[in-house]
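> sequence and predicted model, in that order:
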Amino acid sequence: MSLVEGRDLHKIYSSDSLQVRAVDGLDLQIDEGEFLSIVGPSGSGKTTLLHLLGLLDQPTAGQVIVRGRDTSRLNGSDLTRIRRENIGFIFQEFNLLPVLNALENVELPLRYRAMKTAERQKRAMEALDTVGLSQRAGNRPSQLSGGEQQRVAIARALVAKPALVLADEPTGELDSENTCRIIELMRRLNEELHQTFAIVTHDLFVADYTNRKITLRDGKIVSDEWQEGRPLNCDLPFED
Amino acid sequence: MERGEMPRFILRNMWRRKGRTLLTIIGIVVGIFAFTVLSGLSARLNQQLGGAKKFYTNHITVVPTGGNLFGAAGKYLSLSKVAEIEAVPGVRGAVASIGLPLDLQSGAGSGTPEIIVGTELSGGGPELLAFTALQSGRLLQDGDRGKVLLGLNLANKFNAGVSDTVQMRGVDFQVVGIYKATLTAPDSFAFVSYQDGLDLFRAANPYFQVADIAGSIDVLAQPGVDSEQLSVTIQNQVSDIKAISPNDAVKQISQFSLIFNAILIGISLVALLVGGLSIINTMIMSVSERTREIGLKKAIGADTRSVLGEYLLESALIGVLGGLIGMGLGVALIAVLNTAVKTNGANVFTISRSVILTPVIFATFLGTLAGIFPALRAARLKPVEALRED
C-alpha cells in the first residue's frame, strides 16, 4: 500500500473566459521512505499537485488516497484530521509565525492535537535538535537567518512525526550555501530517520539529491526517473 | 489545544499593531466610561426614587388641580379642604403640609433639594413622619413649636445633634430627632410643625394674602379601606383638588426613572454601535493581515474551531480591556465628583455592584459579538487560498 496515491487527478481553474488545466489527468504513487522531487517549468502544476497530495486543495476530478483511504468524499474537518496526522509541510517563505519563538513555532502542530505541555516542549526541543538549532529555541524568526528559519520550519514539519513531508520550493529563498545545507539536511533525515519527502523545486541542483525525479509539463507527468542521489558533499556543517 | 496558553499568544498578536489596538481599546473605553458614569447617576436616581416610593406611597396625596406628586407650582390648597376630605367616608385622617426650600436661593444646587416641610402634628401627622426609623431623639408630636426633625444629610450639614439649636431661614429651631439614612430625598428634609412652616412661608412671601394654605394634604385610609378606591371617592367628592393614590404615586415616580433609563440605554446603544464597529473594523484588518498565517495554521492542523476561538478571544479581549479601563475611569470620576460635592451632604452618584459589573460584562459581550463576523471569515478561509495570499 502506497503512503499517498493520486489517481487520475484533475484540477481545473475556471474564470469567465479561461480554463486552466493545472493538473490534467495525473497518476502518482509515493511509497514509504522515498525521497523524491517534482520538477518542471513554471505553471506546469507542481505546486497544485503538492496541494492536492497534501489535502490542502481538492481535485476537480480524481482521488487522493492516503494510506489506502479515499479522501475524495471527506468533509473539511476530516481532511484536517488526516492532514494533521499524516502530513507535514515546508514552504518557500518559511511561514513561521513572527510572534512565536523558534520552539513555540515548532510546537504549533502539537498544540492542535491536545498534547500535554511538557511532552510537547520535549518533542519540539528534540525536533529543533535534529535540525541543529536547539541553541536558538528562544529566538523569534526575525532574529534568525533565512537558512535558520527554514530549518525551524523543517523541525516544525517533523515534530508530529508525519508519514510524508511535502516541501514547496524549500530552497527558493536561500543562497547556494544554505540551499546545500537544507537539501542535505533533508536527505540525512530521509536516510537516518526514513522520513519520506516529496520536494517541489525548479532547482535541478536540489532535484539531483533525490532518488526519484518526476517531471511535469502542462499538468501531466512527462518523466518519472529513478536515480542515484548526488552524494552529500557541500561540506558546510551548521555553525552551532 | 491547551487553552491556558492561548491568551499569551493572543496578547502578542494584538501587540503587533500597538497603535491600532490601543485606539480600538480607547474607543471602547470612551463608550464604557460614559456608560459607567451614567449608570452611577441612574443607580443613584433609582435609589432615591425607591425611597421616595416608600415616603409617598403609604398614603393618598392630595394636591391642587393640575399638580403632581411634588405639588403644583405657585398653587396651594385652602386649609378648609382638610375638613372636606376628612368628611369623606373611609378617611381616617388628613394632614396638611407645606414645603419650602431651606435656602432662599435654593434650587440651583446639585443633588437632592433641601426642603423644610411643615406638617400638621395633630391627627395622623406623627404617623406619617414615622415612615422610617430614627437614629436618635424622637418624632415631632402634637403641640411642638420651634422644634425640628432632621434628615441625616441636614443633620450632618448643620453638624447638629439632638437638642442642639439650628437656624433655618433666620429662625432658631431645636432638634428633637434625627432620621437614619434613607439614602433618598427625606435625608435632606427638615420637618417642622405646620404652623412653623406656614410662618416661614409667610415670612418668605410677604405679599401672599391667603391666610391658611397647604401645599399638599396627605390622607390616611381607615383600616380595611382600599386606598385606590378611596382616592377615587375623594376626587369625586372634593372640588378643585387632585387625589393621587399610592399606585398613581408609584407610576409618577417610575416615569422619572423610565425616562432616565431610556436615555441611559440610548447612550449605551450608541456606544455599542461605535465601539462594536471599530472592533469589527480592527478585527477584519487583523484577519486580512494574517491571512497567510491562518492558512499556515490550517495547513499544519488547526481546525475551524481553533481559528474561530482564537480570533473571538482576541476580539473579546479588546472588549474586556476597554471595559475594565472604561469602568475604572468612570468609577474614578464618580469618586472624585462625589467627594467634590460631599460638603453638600448628598452623593450625586452611587457605585453599586451593577455599576461596576454591568459595563465590563457589556463590553466583553460587545467584543465577542463584534468578533463573530471577522472570526468566521478567518475560520472559513481555505488553506490553499490563504497560503497564496501575500
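All right, it came through fine.

> hey, where'd the strands end up in chain A?
A:4-14, A:19-30, A:35-39, A:61-66, A:69-70, A:87-90, A:164-168, A:196-200, A:212-217, A:220-226 (DSSP state E).

> return the set of buried residues in the third one.
In this case it means strand A:35-39. A:35-39 (16 or more other Cβ atoms under 10 Å in any protein chain shown). Quick note: C-beta positions are derived from backbone N, CA and C, even for glycine.

> what about it, average pLDDT?
Average pLDDT, strand A:35-39: 96.

> quick one on the thing from earlier: among the strands of chain A, which comes closest to residue B:32?
strand A:87-90 (42.9 Å; Cβ to Cβ).

> which strands or helices does the closest one pack on?
helix A:146-158, strand A:164-168 (3 or more Cβ pairs under 8 Å, 6 or more residues apart in numbering or on different chains; DSSP states H and E).

> for chain B, which of these is the nearest?
helix A:146-158 (7.0 Å; Cβ to the nearest Cβ).

> give me the contact status of that closest one with chain B.
Yes: Helix A:146-158 is in contact with chain B by Cβ under 8 Å from any Cβ of the partner chain, via residue A:156.

> dump the residue contacts of the residue of chain A found nearest chain B.
Using Cβ to the nearest Cβ, the closest approach of chain A to chain B is made by residue A:84 at 3.3 Å. By Cβ atoms under 8 Å, 6 or more residues apart in numbering or on different chains, residue A:84 lies in contact with A:109, A:112-113, A:160, B:300-301.

> helix, strand or coil: sort out the spatially closest residue to residue B:261 that is not a sequence neighbour for me.
Excluding the flanking residues, the one nearest residue B:261 by Cβ to Cβ, 6 or more residues apart in numbering or on different chains is residue B:42, at 6.1 Å. Three-state call for residue B:42 (DSSP: H, G, I helix; E, B strand; the rest coil): helix.

> so how many other residues sit close to the residue nearest to residue A:77 when sequence neighbours are not counted?
Nearest residue to residue A:77 in three dimensions, chain neighbours excluded: residue B:303, at 5.8 Å (Cβ to Cβ, 6+ apart). Look at residue B:303: counted by other Cβ atoms under 10 Å in any protein chain shown, it has 18 neighbours.

> contacting residues around residue B:303?
Contacts of residue B:303 by Cβ under 8 Å, 6+ apart are A:77, A:80-81, A:112.

> are any of these buried, and which?
By neighbour count, with 16+ other Cβ under 10 Å, the contacts of residue B:303 hold A:80-81, A:112 as buried.

> centroid residue for the chain?
Went with chain A since none was named. For chain A, the residue sitting closest to the mean C-alpha position, by Cα atoms, centre = their mean, is residue A:166 at 2.0 Å.

> other chain: chain B
Centre-most residue of chain B, counting by Cα atoms, centre = their mean: residue B:45, 1.9 Å.

> all helices for chain B, in order.
B:6-15, B:18-56, B:80-86, B:125-129, B:152-158, B:194-204, B:227-237, B:246-289, B:291-299, B:304-340, B:353-379, B:383-388 (DSSP state H).

> ok, back up a step: of the buried ones among the contacts of residue B:303, list those near chain B.
A:80-81, A:112.

> pLDDT check: weakest of these?
residue A:112 (88).

> that concludes my questions; thank you for your assistance.
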